[in-house]
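Participant: okay, structure incoming, though there's no sequence with it:
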């Protein structure tokens, strides 16, 4: 049962093609200090590449705001951990609606975040994404 909180490679948005489509065709909203890009794709074929991993996400932190790679990596690690612990409800909703969701988080603040702040904001973000998905179907 502990497997549900894992964050595997197939859940990460790594394909350059999918990331470019996300930024060009996707929609966005902001929850300070994040800018969230998302793209909802209807899955039609059970053999589709997306059917094995319907919820994928990525994280970005600006080099302009954080010069040191250590700081950028820490921010990304904190965001991934907050997402990993709270993604389950969103994952279930994606599976029941038979859609695929690509999400990309960009951290826009200039100071290092505290984990509890990121955790709270992540809850707001995932709730908002859930509402957006509820409006579609």
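Facilitator: Received the coordinates, thanks. All figures in this text were calculated on a predicted structure; none of them were measured in a lab. Numbers count the residues shown, from 1 in each chain.
Participant: scan this protein for its longest helix.
Facilitator: Using DSSP state H, we find that the single longest helix of the chain is helix 115-136.
Participant: what about stretch 9-24, start to end distance?
Facilitator: In stretch 9-24, first residue to last residue: 24 Å (C-alpha to C-alpha, to the nearest Å).
Participant: need the contact partners of that stretch.
Facilitator: 37-39, 52-53, 55-58, 102-104 (C-beta atoms under 8 Å, 6 or more residues apart in numbering). (C-beta placed from N, C-alpha, C; glycine too.)
Participant: whichever of these end up buried, select them in ChimeraX.
Facilitator: Written as a ChimeraX command, the selection of buried residues from those, which uses 16 or more other C-beta atoms under 10 Å, is:
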select :37,38,39,55,56,57,58,102,103,104
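Participant: tell me which two of the contacts of stretch 9-24 sit farthest apart.
Facilitator: The most widely separated members of those, counting by C-beta to C-beta, are 37 and 52 (22.1 Å).
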